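Chemist: starting from these lines, generate the structure:
(one chain, ligands or ions: 2)
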Amino acid sequence: MDLKAESSNNQGSLQNQSHGQISHLAIDIGGSLIKLVYFSRSSDGSRDDDTNTPSKDRISISNGDSNVPLFEGRLRFAKFETSKIDDCIEFIRSKQLHLNGCWHHDSTLREKTIIKATGGGAFKFADLFKEKLGVSLDKEEEMECLVNGANFLLKTVQQEAFTYTDGRKEFVQIDHNDLFPYLLVNIGSGVSMIKVDGDRKFERVSGTSVGGGTFWGMGRLLTKCKSFDELLELSHQGNNRVVDMLVGDIYGGLDYSKIGLASTAIASSFGKAISEDKELEEYKPEDVTRSLLRMISNNIGQISYLNALRYGLKRIFFGGFFIRGHTYTMDTISVAVNFWSKGEARAMFLSHEGFLGALGAFTGYEKHDLEADQSVQRCSAKPSCIDGKLCGTLSSHLNEDENMECRICTS
Ligand SMILES: Nc1ncnc2c1ncn2[C@@H]1O[C@H](COP(=O)(O)OP(=O)(O)O)[C@@H](O)[C@H]1O
Ligand SMILES: CC(C)(COP(=O)(O)O)[C@@H](O)C(=O)NCCC(=O)O
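Modeler: Ligands and ions are numbered 1, 2, ... in the order given. As a prediction, this is how the structure comes out:
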């Protein structure tokens with residue numbers, strides 16, 4: 001297949017864009033947030049139109065048969081609250097991302113643009129996308145997308161996984177030959193725990209409904225915070241000991257050494273509230289928030305560890321937007337895993353934490369390649385790294401808009 005020729009045939013539909021040429025939009029519509037990943041292609045082979053990105057900072061797309069780059073550009077990330085899905089649709093429309101999801105080669109089918117989509121919203125909002133943008137959502141299984149996204153990142157991005165202990169972030173070098181098995185814990189609105197044994201080899205072994213949605217929902221009710229970030233910021237300033245009942249509160253300031261509990265350990269989350277004659281308004285919102293965050297993070301850390309123990313897994317990777325790169329959250333989860341495993345298991349975090357599902361859906365474009373369907377051959381364009389054939393090193397950072405950008409450096 002001559003992908004270059006097809007690409008230039010397609011030029012017409014792309015010319016009107018004021019930014020780099022876009023292709024392969026994938027979307028993950030979760031209970032709380034919508035995540036988008038799309039590929040923005042350099043039109044002149046040297047620079048991204050809207051970014052001044054040096055030409056070495058590029059992701060390459062090959063036709064799957066070879067590693068010869070056909071397109072260069074970058075993967076872009078964006079997110080929206082699911083409750084503001086209209087803003088997301090407007091964003092897609094304004095950037096014309098929907099015109100370049102999976103574009104049919106066959107002119108009779110050109111009207112039928114398909115976008116790879118995952119998460120419950122791919123079902124819930126399919127009609128809305130059809131009605132507002134005229135696109136069909138090609139549904140990819142959510143757990144499969146999470147695993148594909150995690151495996152892709154762990155194999156491709158140099159500084160993707162890191163530990164967080166005692167306020168120190170330390171990147172972990174992943175040995176590709178020794179990646180499996182591991183436990184993937186995705187903390188979204190709810191929490192899924194997946195035992196990953198290889199590429200496309202996995203089993204969802206557990207989950208809990210006490211997750212990110214619980215923190216955001218309860219936090220909102222208890223503090224009247226208007227945004228998730230405000231809630232996180234508050235928790236940063238709080239002291240959970242004002243709200244939580246500690247072992248020392250029960251044991252007259254002493255440790256309960258016989259069962260290994262320090263006087264400072266939490267005996268009962270929110271437990272102090274029962275013994276004090278105080279109304280909610282008399283507690284500082286920052287203390288309540290801190291206690292809530294700690295309760296939820298501890299609980300997830302503990303259940304994760306128990307599942308790792310159940311299946312003999314030493315490594316636990318945490319993803320999902322609940323973590324939000326928040327140091328206190330990561331610290332609490334790390335301490336919980338370390339405490340319960342007596343130092344045997346390690347909590348690791350992912351730089352692209354919230355985009356696992358969307359990236360996994362993005363890699364789904366590969367499948368069309370395998371199906372070798374003439375009508376969808378254009379879909380066989382894919383980042384060569386997804387194929388496992390690395391062109392370079394993917395690096396990432398958070399930009400000011402908190403949209404993450406990641407690039408492949410071809411040096
Ligand atoms: N800007 C935000 N708005 C709402 N929730 C956020 C935000 N940033 C992080 N979160 C947290 O991330 C969770 C959603 O994580 P995510 O992985 O996107 O899951 P889902 O796929 O269920 O939407 C929310 O429940 C909340 O705890
Ligand atoms: C149903 C879900 C897979 C949906 O994913 P999400 O939108 O929360 O990312 C997730 O919320 C979940 O795994 N909840 C926990 C359900 C349970 O195992 O009890």
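
Chemist: tell me where the stretch 101-250 of the chain has helices.
Modeler: Taking DSSP state H, counting those that start in this stretch as the test, the helices found in the stretch 101-250 of the chain are 121-124, 126-133, 142-156, 212-223, 228-237, 247-250.

Chemist: for P285, which of those is the nearest?
Modeler: helix 212-223 (3.9 Å; C-beta to C-beta). Where C-beta positions appear, they are placed from N, C-alpha and C, glycine not excepted.

Chemist: in that closest one, what's buried?
Modeler: With burial defined by 16 or more other C-beta atoms under 10 Å, the residues of helix 212-223 counted as buried are G212, G213, T214, F215, W216, M218, G219, L222, T223.

Chemist: so R294 belongs to a helix, correct?
Modeler: Yes. Secondary structure of R294 (DSSP: H, G, I helix; E, B strand; the rest coil): part of a helix.

Chemist: that one touches S269, doesn't it?
Modeler: Yes. Using C-beta atoms under 8 Å, R294 is in contact with S269, at 7.2 Å.

Chemist: just to revisit the earlier point, take the helices of the stretch 101-250 of the chain and write them to CSV, including mean pLDDT and distance to L33.
Modeler: Formatted as CSV, those follow (pLDDT from 0 to 100; distance: least, C-beta to C-beta, whole Å):
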stretch, mean pLDDT, distance to L33
helix 121-124, 98, 10
helix 126-133, 97, 16
helix 142-156, 96, 14
helix 212-223, 98, 9
helix 228-237, 95, 9
helix 247-250, 98, 37
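
Chemist: does at least one residue of stretch 296-303 sit close to ligand 2?
Modeler: No. Stretch 296-303 lies out of reach of ligand 2 by C-beta under 6 Å from any ligand atom, never closer than 10.1 Å.

Chemist: R76 and V37 touch, don't they?
Modeler: Yes. Between R76 and V37 a contact is recorded at 7.2 Å, counting by C-beta under 8 Å.

Chemist: grab the longest strand from the protein for me.
Modeler: As assigned by DSSP state E, the longest strand anywhere in the chain is strand 71-81.

Chemist: pull the distance from whichever helix or strand comes after it to the chain's centre.
Modeler: Where DSSP states H and E defines the elements, the next helix or strand beyond strand 71-81 is helix 85-94. Distance of helix 85-94 from the chain centroid (C-alpha atoms, centre = their mean, to the nearest Å) equals 20 Å.

Chemist: list the buried ones in helix 85-94?
Modeler: Buried residues in helix 85-94 (16+ other C-beta under 10 Å): I85, C88, I89, I92.

Chemist: out of those, which two sit at the greatest distance?
Modeler: Maximum distance among the buried residues of helix 85-94 (C-beta to C-beta): 10.4 Å, for I85 and I92.

Chemist: give the contact list for the residue in the chain positioned nearest to ligand 1.
Modeler: Taking C-beta to the nearest ligand atom, ligand 1 has its nearest neighbour within the chain at G30, 1.8 Å off. By C-beta atoms under 8 Å, 6 or more residues apart in numbering, the contact set of G30 is T82, G119, G120, G121, G188, S189, G357.

Chemist: beta partners of F317?
Modeler: When assigned by DSSP bridges, F317 has beta-bridge partners L184, M348.

Chemist: quick check, pLDDT for it.
Modeler: Listed pLDDT for F317 reads 98.

Chemist: quick one: low-confidence parts of the stretch 251-400 of the chain?
Modeler: 366-400 (pLDDT under 70).

Chemist: go again with 90.
Modeler: Within the stretch 251-400 of the chain, the segments meeting pLDDT under 90 span 275-277, 339-344, 346, 363-400.

Chemist: and it, which residues reach ligand 1?
Modeler: Within the stretch 251-400 of the chain, the positions adjacent to ligand 1 are G320, F321, F322, R324, G354 by C-beta under 6 Å from any ligand atom.

Chemist: who's in contact with the fourth one?
Modeler: Put plainly, it is R324. R324 makes contact with F228, D229, L232, E353, G354, according to C-beta under 8 Å, 6+ apart.

Chemist: in the stretch 251-400 of the chain, what residue spans correspond to helices?
Modeler: Along the stretch 251-400 of the chain, the segments classed as helices by DSSP H, counting those that start in this stretch run 272-275, 285-310, 327-341, 356-363, 365-371.
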